[in-house]
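Chemist: Only the shape, not the letters, is given here:
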């Protein structure tokens, strides 16, 4: 176990990081820069919460346009709570991990029902919101409410394991990392400290080729002193993902519309739109042939679609049929060429449709008026 920092060391590390952050912080659409915070600008808890939910397992660059689009559609948490859940799911399409969108909507409703639509202002109360776990609650508490909470994401894990040369593999080392960060969090500016740690990991203490010469805490880094920072964090060997197989059936109406249906609310990709397909899951294969089609038609092979989920990989045999003006079966609907790009389609379903109809899920340029 790495030695605990003395109070003096903890103050020095926090001071170095905050001074670096003041000069080199990233400009992010949900963030209040340090100079504005010193002038009394307070972060909006709605913005902090929305960004943190979006950033779960998604990159900063991917999140920026989604964050701006959500605020344009739903400027307040009350607006988001009042929106139909299907609209939220459509706006989320492309961010992945779609249970986050359902929980986002549920949490917005829970906050909107509170007095003044005020967000809970402690980490413990924030954890009661759907989709808010230990990391997210700590981040909101620190950044939005200035509470002295240790905020630990992947960037912070990397910085901390290098600073202390923690040799225990992740995820078993998580408690050691959290305890260390808890020692370093200053009473003043805990939110800026959390964001400084994240920025340091994202821009300097990177997974490969860390730029140690520019690091504000390089003199405190045990991994640098021992000569091999990139060895940390040590990670346990990952289990190999199983490969699952199934089929997707892309039915195309005479006007180019594609037949869709909605997945069950619970389970993988819950509540999202999909083309009809076979009953594959993370634990079993589905049928892959035309005999498993949802209705008789002249089905022909349209290619394959591959996708990797967190715990398994999937290979879909894609089949296409041109169905004339067939009415949509019960529980299905036809989505026209202009509507299809805006449907709440998960990436795997976009891949299946693209295999059968290249370009179908891409947004079309507006025609000049």
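Modeler: Right, received. Where do you want to start? This structure is a prediction, so every number in the text was calculated from the model and none was measured. Numbering: from 1, shown residues only.

Chemist: which ones are touching residue 148?
Modeler: The contact partners of residue 148, taken as C-beta atoms under 8 Å, 6 or more residues apart in numbering, are 142, 185-187, 190. Any C-beta I mention is one placed from the backbone N, CA and C, and that applies to glycine too.

Chemist: again with residue 59
Modeler: Taking C-beta under 8 Å, 6+ apart as the test, residue 59 contacts no residue whatsoever.

Chemist: State the distance from it to residue 258.
Modeler: With distances taken as C-beta to C-beta, to the nearest Å, residue 59 is found 29 Å from residue 258.

Chemist: returning to what we had before: need the contacts of residue 148 in TSV with pLDDT, can you?
Modeler: Shown next, in TSV, are those (pLDDT from 0 to 100):
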residue	pLDDT
142	98
185	97
186	96
187	94
190	97
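
Chemist: What's opposite the closest residue to residue 243 other than its chain neighbours in the beta bridge?
Modeler: In this structure, residue 243 finds its nearest non-sequential neighbour in residue 313, 5.0 Å apart by C-beta to C-beta, 6 or more residues apart in numbering. Beta-bridge pairing for residue 313 (DSSP bridges): residue 243, residue 308.

Chemist: burial of residue 313, as a residue count?
Modeler: For residue 313, the neighbour count with other C-beta atoms under 10 Å is 14.

Chemist: For it, report the pLDDT, please.
Modeler: Among the per-residue scores, residue 313 holds a pLDDT of 96.

Chemist: repeat for residue 53
Modeler: For residue 53, the model assigns a pLDDT of 97.

Chemist: ok, now which ones touch it?
Modeler: 100, 103-104, 107, 131-132, 136.

Chemist: what's residue 170 in contact with, if anything?
Modeler: 157, 161, 233-236.

Chemist: could you redo the last one with a cut-off of 10 Å?
Modeler: By C-beta atoms under 10 Å, 6 or more residues apart in numbering, residue 170 lies in contact with 154, 157-158, 161, 176-177, 232-236.

Chemist: coming back round to it: contact partners for the residue nearest to residue 243?
Modeler: Per C-beta under 10 Å, 6+ apart, neighbours of residue 313: 240-245, 306-307.

Chemist: I'd assumed residue 248 was in a helix, is it?
Modeler: No - applying DSSP: H, G, I helix; E, B strand; the rest coil, one finds residue 248 to be strand, outside a helix.

Chemist: tell me which element the nearest residue to it once chain neighbours are set aside is part of?
Modeler: The shortest distance from residue 248 to any non-neighbouring residue, by C-beta to C-beta, 6+ apart, is to residue 352 (3.9 Å). According to DSSP states H and E, residue 352 maps onto helix 347-356.

Chemist: packing partners for that helix?
Modeler: strand 243-252, strand 258-262, strand 273-274, strand 300-308, strand 313-322 (3 or more C-beta pairs under 10 Å, 6 or more residues apart in numbering; DSSP states H and E).

Chemist: For residue 31, which of those strands is the nearest?
Modeler: strand 300-308 (30.9 Å; C-beta to C-beta).

Chemist: Name the residues of that closest one that are buried.
Modeler: Across strand 300-308, burial judged by 16 or more other C-beta atoms under 10 Å covers 302-303, 305, 307.

Chemist: what residues does that strand touch?
Modeler: So strand 300-308 is contacted by 241, 243, 245-246, 248-250, 252, 288, 290, 313-322, 346-358 (C-beta under 10 Å, 6+ apart).

Chemist: Just the buried residues of those residues.
Modeler: Among the contacts of strand 300-308, those buried by neighbour count (16+ other C-beta under 10 Å) are 245-246, 248-250, 252, 288, 290, 314-321, 346-357.

Chemist: does residue 65 belong to a helix or a strand, and which?
Modeler: Residue 65 belongs to helix 60-73, assigned by DSSP H and E.

Chemist: Which strands or helices does that helix pack on?
Modeler: In terms of contacts (3+ C-beta pairs under 10 Å, 6+ apart), helix 60-73 is packed against helix 45-55, helix 77-82, helix 85-92.

Chemist: now for the ones you listed, which one comes closest to residue 117?
Modeler: Minimum separation from residue 117 across the helices and strands packed on helix 60-73 (C-beta to C-beta) falls at helix 77-82, 5.1 Å.

Chemist: what about the residue lying closest to residue 278 once chain neighbours are set aside, how many neighbours?
Modeler: Spatially, and ignoring its direct neighbours in sequence, residue 278 is nearest to residue 286 (3.2 Å; C-beta to C-beta, 6+ apart). Close neighbours of residue 286, defined as other C-beta under 10 Å, add up to 18.

Chemist: Which residues are in contact with residue 286?
Modeler: So residue 286 contacts 244-248, 277-280, 292, 314, 316-317 (C-beta under 10 Å, 6+ apart).

Chemist: Take those residues and write them to TSV, including distance to residue 111.
Modeler: Listed next are the contacts of residue 286 as TSV, based on distance: C-beta to C-beta, whole Å:
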residue	distance to residue 111
244	37
245	42
246	38
247	41
248	37
277	36
278	39
279	37
280	36
292	44
314	35
316	38
317	44
